[in-house]
Structures are given as C-alpha cells and as structure tokens.
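Undergrad: below: sequence and its predicted model.
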Amino acid sequence: MKALPWILVLIFLAATGFLFTNSKKNAAELKQLRQETAELQRLRAELKEVKKVEAQNASATLTEKEKEELIRLRNAVGVLKGELKQMGSLAQQSEKSLQTLQAQQAQQAQQAQQLQQQNQQLALQTQQAQIDKARNDCINNLRQIDGAIQQWALENKQPANAPVTAQQITPYLSNTKLPICPAGGIYTINNVSLPTCSIPGHALPQ
C-alpha cells in the first residue's frame with residue numbers, strides 16, 4: 001500500500017515525458033510547414049514576374065535572342081507551375097498532418113489530465129484505506145485490552161467500578177505487553193470498563 005503512491009507518480013511522469021516528446025515533434029513539423037509555405041510564396045512571386053515579362057514581350061517585335069529567352073521563360077513557367085502544384089499538395093498534406101497532430105496532442109493532454117485525476121483519487125483512496133486499517137487495528141487492540149481487564153476482574157473478583165492499571169492487566173495480554181495504537185493514539189485504562197483511545201473514531205462499540 002505504501003508503494004502505490006510512488007507507482008502513481010512514476011506513471012504520471014512517464015505520461016508527462018511522452019507529451020513533451022510529442023510536443024517537440026509537433027513543433028518541428030510546424031517549422032517545416034512554415035518553410036514550405038515561404039517557398040511556395042517565393043515561387044508564386046517568380047511565376048507572377050515571368051508572366052509579366054511574357055506579356056510585355058508578346059506586344060513587341062522579338063529578336064532571335066528575345067525569342068530564345070521567351071522560350072526559356074516559358075519552360076521555366078512550366079517547371080514553376082509543376083513545383084507550385086507539388087508544393088500546394090505538400091502544404092495541404094502538411095496542414096492535415098499538423099491538424100491531426102494537434103488533435104492527438106489535445107487528446108493526449110486530456111488523457112494525462114484524466115490520469116492525474118485518477119492518481120489523485122487513488123492516492124485519496126489509499127490514504128483512506130490506511131486510516132481505516134489503523135482504526136480497525138486500534139479497535140482490535142482495545143478488544144484485547146478489554147478482554148484482559150475482564151479476565152483480571154473475574155479472577156480477582158473486582159466490581160465494574162474497581163480501579164485497574166496497565167501493569168495489573170499486562171499478564172493477561174499476548175506477549176504480556178500493552179499494545180500500541182498504530183496511529184499514535186494513547187490508551188486510557190481507569191477502571192473495569194471499556195478502555196479508550198485518544199484518537200476520535202478509535203473506540204469500542206458501547
């Protein structure tokens with residue numbers, strides 16, 4: 001029972017480490033997405049400039065050199081269009097992946113919160129179980145003390161209000177020794193009646 005809270009703490013730390021690792025991974029993928037988006041914007045700007053040059057050249061009489069340059073630019077436009085299409089597809093995939101990762105991260109954070117709540121609940125249950133066990137053990141001790149008192153009174157023919165001490169009843173206890181309250185309570189023995197403990201709730205039924 002005493003080791004349970006430490007096990008719960010270890011489980012919680014493992015869950016926290018897992019979330020931290022996923023967060024770093026998400027940050028890296030977000031950085032890559034931003035780089036790809038910047039590259040996409042750059043390619044779009046180049047394409048716009050090429051189209052502008054092409055429009056200007058179309059309205060003028062072209063020299064052979066200008067024709068060659070126009071062909072080169074058109075080829076470049078085709079390449080840029082392909083790259084733009086590919087970059088757009090990659091950007092969409094990255095955006096979907098990012099959304100999926102964010103959803104997973106939110107789910108993992110919720111699971112971690114639920115785990116923490118379960119750990120707290122288990123810790124409270126463990127603490128309550130320890131309190132209940134200490135009370136039950138103390139009541140068993142009080143029963144033993146009461147049994148020893150009654151046996152001493154019977155053998156010595158003492159009435160119910162006769163005074164009695166712990167030293168007088170210890171020979172009738174196991175190990176001839178007064179038991180100790182597991183919660184640190186103090187036992188009181190005054191006369192031939194029910195013994196008591198100083199901790200509330202640690203008492204024999206009347």
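TA: Looks like it came in fine.

Undergrad: for the protein, what spans make up the strands?
TA: For the chain, the strands defined by DSSP state E cover 187-188, 196-197.

Undergrad: E69: which of the ones you listed is closest?
TA: E69 lies closest to strand 196-197 among those, at 102.2 Å (CB to CB). All C-beta atoms are positioned from the backbone trio N, CA, C, and that covers glycine.

Undergrad: so what touches that closest one?
TA: With CB atoms under 8 Å, 6 or more residues apart in numbering as the test, strand 196-197 has contacts from 138, 142, 181, 185-188, 203.

Undergrad: could you say what helices and strands the helix ranked longest in the chain packs with?
TA: The longest helix of the chain (DSSP state H) is helix 64-155. If contacts are counted by 3 or more CB pairs under 8 Å, 6 or more residues apart in numbering; DSSP states H and E, helix 64-155 sits against helix 4-58, helix 166-169, strand 187-188, strand 196-197.

Undergrad: on that earlier part again, mean pLDDT for the strands of the chain - can I get that in a markdown table?
TA: Converted to a markdown table, the strands of the chain look like this (pLDDT from 0 to 100):
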| stretch | mean pLDDT |
| --- | --- |
| strand 187-188 | 94 |
| strand 196-197 | 95 |
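
Undergrad: and of these, who's closest to K85?
TA: Nearest of the strands of the chain to K85, taken as CB to CB: strand 196-197 at 82.6 Å.

Undergrad: tell me which strands the closest one pairs with, and in which orientation.
TA: strand 187-188 (antiparallel) (DSSP bridges).

Undergrad: follow-up on the earlier one: tell me the most buried of the strands of the chain?
TA: Of all the strands of the chain, strand 196-197 carries the top mean neighbour count, a mean of 20, counting by mean count of other CB atoms under 10 Å.

Undergrad: determine how far that strand lies from the middle of the whole chain.
TA: 41 Å (CA atoms, centre = their mean, to the nearest Å).

Undergrad: one more: stretch 79-95?
TA: 40 Å.

Undergrad: what do you get for stretch 69-78?
TA: 59 Å.

Undergrad: give the buried residues for it.
TA: By 16 or more other CB atoms under 10 Å, the buried positions in stretch 69-78 come out as 73, 77.

Undergrad: kindly report the same for stretch 97-112.
TA: In stretch 97-112, counting by 16+ other CB under 10 Å, buried: L101.

Undergrad: where in the protein is pLDDT low?
TA: Applying pLDDT under 70 to the chain flags residues 1-24, 26-27, 29-30, 33, 50, 53-62.

Undergrad: how does it divide into domains?
TA: As assigned by automatic domain parsing, the chain contains the domains 4-133, 135-197.

Undergrad: most tightly packed of those domains?
TA: Of these, the one with the most neighbours on average (mean count of other CB under 10 Å) is domain 135-197, at a mean of 15.
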